[in-house]
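Peer 1: Could you look at this predicted model? Sequence included:
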Amino acid sequence: MMKVALIAALSMVVVVIAQHPRHCDAPFEMEARAFQIDPKLQFARRGHIAYDAHNERTSFFEDVINGTNQNFFHEIHLFP
């Protein structure tokens, strides 16, 4: 039983030593949502961001409500 445990421990050590560290790759596409609400000022903001690394662009959607006014914004950023 002692030999089996020793062989298992040594094989685990060999596997750990044999690994080479490498950097993680970032995702090529990403999306996120955010919101902000202030009931006292009757203010609300909702937003959506999308990122595309293949075509090198970002897109921002924003919906702003201030009292009875409501505005919509859409920005596209292109990176050559």
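Peer 2: Ah, there it is. Owing to the predicted nature of the structure, the values given are computational and were not obtained by experimental measurement.
Peer 1: Enumerate every residue touching the most centrally placed residue in the chain.
Peer 2: With distances taken as CA atoms, centre = their mean, the residue of the chain nearest its centroid is residue 30 (5.8 Å). Residue 30 is in contact with 50-51, counting by CB atoms under 8 Å, 6 or more residues apart in numbering. For the C-beta atoms, the positions are set from N, CA and C on the backbone; glycine is no exception.
Peer 1: In three-state terms, label it for me.
Peer 2: Following DSSP: H, G, I helix; E, B strand; the rest coil, the label given to residue 30 is strand.
Peer 1: can you pull up the bridge partners for it?
Peer 2: Per DSSP bridges, the residues bridged to residue 30 are residue 51.
Peer 1: What of residue 73?
Peer 2: Here residue 73, judged by DSSP bridges, has bridge partners residue 62.
Peer 1: Could you tell me which residues make contact with it?
Peer 2: By CB under 8 Å, 6+ apart, the neighbours of residue 73 are 60-64.
Peer 1: rerun that using 10 Å as the cut-off
Peer 2: 47, 60-64 (CB atoms under 10 Å, 6 or more residues apart in numbering).
Peer 1: on that earlier part again, check the gap between the residue nearest to the centre of the chain and residue 51 for me.
Peer 2: 4 Å (CB to CB, to the nearest Å).
Peer 1: Which residues are in contact with each of those two?
Peer 2: In contact with both residue 30 and residue 51: residue 58, using CB under 10 Å, 6+ apart.
Peer 1: in the sheet, who's paired with the closest residue to residue 37 other than its chain neighbours?
Peer 2: Closest residue to residue 37 apart from its sequence neighbours, by CB to CB, 6 or more residues apart in numbering: residue 44 at 4.9 Å. Judged by DSSP bridges, the bridge partners of residue 44 are residue 37, residue 65.
Peer 1: Would you agree residue 13 falls within a strand?
Peer 2: No - under the criterion used here (three-state DSSP), residue 13 is helix, not part of a strand.
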